[in-house]
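Sequence first, then the predicted structure:
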Amino acid sequence: MTYGKYPSRFWVLCAGSFFFFGSFNMVVPELPSVLEKLGGGEHKGLIISLFTLTAMLSRPFSGRLSDTIGRVPVMIFGALVCVVCSIIYPFTASVNGFLLLRFFHGFSTGFSPTGFTSYAADIIPPNRRGEAMGLLSVFGTLGMAGSPAIGDWLARTWSLDVMFYGSAVFALIAVMIYVSTTETLFRRQRFRWSHFKIGLTDVYDPLVLVPGIVMLLTSFSYGSMLTLVPDLSDALGIGNKGLIFMIFSTASLLIRIVAGTISDRFGRPVVLKISAALIAIAMVVTGSANAPWMLWLGGVLYGLANGMNSPTLFAWATDLGNPKSKGRAFATLYIAMEFGIGLGALASGYIFADDRSNFLMAFLVGSVLSFLALIFLYMSTEGKALKGNFNNQPVTD
């Protein structure tokens, strides 16, 4: 059955994406204050970097499992990790315990997104990849946009424990949605422990090298935003630390489908060059913010850039990658993303060092790397036909 231009199970997948991303993003604005209360304020950079480290390390496994045992089991496992970790957070009473839990929580994004991105690539029309990836990310962004403010409200109205349990409920709904979906991998294998034996080919797909490098360079800034925006909001006297996340997620939401459609028509590099330039500008504006309106402006610019960047890169990876190993292609891209985010979180946290005078310097690093991504795109795509092929036929519903 189809609704509009896409099969019905694509929309079910979108609903799962909404609740999954809403679950783990709900707690992000409050985590720095939780760590500070436990006596580990100097380790704020590890909140995001440990999470992304595990996600990055698990990508080769999730990519291989997605291409062997199926997309659905990989999605379900990742969402279940969110459920378990969110329930355990309220019982964590030490800095080491908190950081260890953040490490294990990263398995969630190491698995579920690999599964549902591969699932979407199986079923979407080849000539609408950019649009469809943008639409899928719209639902994830909706979850990310609303959940931080919801989490902040739950924490202030009731308690941090209630916020964590709310995160668990969102993840549980995602699990239920994924369980209801039909598997798209035709030649499934029974799970074997040998599936965990990985080599270089499971970690790196050379066909998606260019999108991977762009993803790495531009993702650094996202780690900076996640780590520093809560403290920057406090410094500017903004009460709800989830508000800026809602602002840049909403801006990201508004541009995703349009950017995807443009990339389908004119090529992925065109959109990516614009997004890299916008990220560089957004980092300077955000780091220079001395009033709430400047932070809002930086958030809008960053949201627009991120909304163009991520879905376009995944559509490009679908174009360039081997249709028989989509999980590996997406795992490669996700590894680059998580390495960039983790490095950005770690570096910006230590550059900031709880000194408000260091905000600009911490954000400038992300700006420089995004500018390098822009230069790399011009060098690697100028005069070359890297729009991608549309020969990877999807499964029909």
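Now that the structure is in, tell me what you want to look at. Residues are numbered from 1 along each chain as shown.

ok, Ala305 touching Thr286?
No - Ala305 lies out of contact with Thr286 (Cβ atoms under 8 Å); the separation is 11.5 Å. The way it works is simple: take the backbone N, C-alpha and C, and place the C-beta from them, glycine included.

Helices of the stretch 51-200 of the chain, residue ranges please.
71-88, 95-105, 107-123, 129-157, 160-179, 200-203 (DSSP state H, counting those that start in this stretch).

Now the element after the last one, going C-ward?
In this case it means helix 200-203. helix 209-235 (DSSP states H and E).

Mind giving me the packing neighbours of the helix or strand following that following helix?
Where DSSP H and E defines the elements, the next helix or strand beyond helix 209-235 is helix 243-266. Where contact means 3 or more Cβ pairs under 8 Å, 6 or more residues apart in numbering; DSSP states H and E, helix 243-266 is packed against helix 129-157, helix 209-235, helix 268-287, helix 292-320.

For Ile47, find the nearest of these.
helix 209-235 (6.9 Å; Cβ to Cβ).

Give me the buried positions along the closest one.
Across helix 209-235, burial judged by 16 or more other Cβ atoms under 10 Å covers 210-233.

ok, back up a step: deepest in the core, which of the helices of the stretch 51-200 of the chain is it.
helix 107-123 (a mean of 27; mean count of other Cβ atoms under 10 Å).

Could I get the CA-only coordinates of it as PDB?
Presented in PDB, the C-alpha positions along helix 107-123 are these (Å, rounded to 0.1, in the frame of the first residue of the first chain):
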ATOM      1  CA  PHE A 107      24.900   1.800  21.300                       C
ATOM      2  CA  SER A 108      21.400   3.200  20.600                       C
ATOM      3  CA  THR A 109      22.500   5.600  17.900                       C
ATOM      4  CA  GLY A 110      25.100   3.100  16.700                       C
ATOM      5  CA  PHE A 111      22.400   0.700  15.700                       C
ATOM      6  CA  SER A 112      18.900   2.100  15.100                       C
ATOM      7  CA  PRO A 113      19.800   4.800  12.500                       C
ATOM      8  CA  THR A 114      21.900   2.400  10.500                       C
ATOM      9  CA  GLY A 115      19.000   0.000  10.400                       C
ATOM     10  CA  PHE A 116      16.300   2.500   9.500                       C
ATOM     11  CA  THR A 117      18.400   4.400   7.000                       C
ATOM     12  CA  SER A 118      19.200   1.100   5.200                       C
ATOM     13  CA  TYR A 119      15.500   0.200   5.400                       C
ATOM     14  CA  ALA A 120      14.500   3.500   3.800                       C
ATOM     15  CA  ALA A 121      17.000   3.100   1.000                       C
ATOM     16  CA  ASP A 122      15.400  -0.300   0.200                       C
ATOM     17  CA  ILE A 123      12.000   1.100  -0.300                       C
END
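
Let me know the average pLDDT across it.
Throughout helix 107-123, pLDDT has a mean value of 86.

and what of stretch 290-302?
Here the average pLDDT along stretch 290-302 is 92.

Let me see the contact set for Leu80.
Ala171, Val175 (Cβ atoms under 8 Å, 6 or more residues apart in numbering).

Next one: it relative to Tyr165, how far apart?
16 Å (Cβ to Cβ, to the nearest Å).

what's the nearest residue to Arg102 if we skip its chain neighbours?
Leu50 (4.6 Å; Cβ to Cβ, 6 or more residues apart in numbering).

check contacts around that neighbour.
Leu99, Arg102, Phe103, Gly106, Gly342.

Just the pLDDT for it.
For Leu50, the model assigns a pLDDT of 83.

same deal with Leu207?
Reading off the model, Leu207 has pLDDT 84.

Surely it and Ala329 touch.
Yes - using Cβ under 8 Å, Leu207 is in contact with Ala329, at 6.8 Å.

For these two, work out which one has more neighbours and name it.
The residue with more neighbours, out of Leu207 and Ala329, is Ala329; 27 against 17, by other Cβ atoms under 10 Å.

chain center to stretch 340-359, what's the gap?
Its chain's average C-alpha position is 19 Å from that of stretch 340-359, according to Cα atoms, centre = their mean, to the nearest Å.

and the helix or strand encompassing Ala345, how far from the chain's centre?
If you go by DSSP H and E, Ala345 is part of helix 326-352. With Cα atoms, centre = their mean as the basis, helix 326-352 stands 9 Å off its chain's centre.

ditto for stretch 282-292
With Cα atoms, centre = their mean, you get 22 Å for stretch 282-292.

go on, stretch 57-66?
16 Å.

Equivalent analysis for stretch 361-369, please.
Centroid separation for stretch 361-369 versus its chain: 19 Å, with Cα atoms, centre = their mean.

Have a look at this structure and report the helix or strand with the lowest mean pLDDT.
Of all helical and strand segments in the chain, the minimum by mean pLDDT, DSSP states H and E falls on strand 2-3, at a mean of 46.

Next SSE downstream of that strand?
Later in the chain than strand 2-3, the nearest helix or strand by DSSP H and E is strand 6-7.

in its sheet, what does that following strand sit against?
strand 2-3 (antiparallel) (DSSP bridges).

hang on, the earlier thing: between the helices and strands packed on helix 243-266, which gets nearest to Ser33?
helix 209-235 (7.6 Å).

and the angle from that closest one to helix 243-266?
160 degrees (axes from the mean of the first three to the mean of the last three Cα atoms, to 10 degrees).

how distant is helix 209-235 from the center of its chain?
That offset, for helix 209-235, works out to 10 Å (Cα atoms, centre = their mean).

How about stretch 39-46?
22 Å.

And it, end to end?
Start-to-end span of stretch 39-46 (Cα to Cα, to the nearest Å) is 14 Å.

mind listing what's buried in it?
Gly40, His43, Lys44, Gly45, Leu46.

Would you quantify the distance from the last one to Lys37?
In other words, Leu46. 16 Å.

do the second one as well
Noted for His43: a distance of 13 Å to Lys37, by Cβ to Cβ.

what sits in contact with each of the two?
By Cβ under 8 Å, 6+ apart, no residue touches both His43 and Lys37.

mind listing what Leu226 touches?
Val28, Ile48, Ile341, Ala345.

wait, isn't the second one in contact with Ala347?
No - using Cβ under 8 Å as the test, Ile48 is too far from Ala347 to be in contact (11.0 Å).
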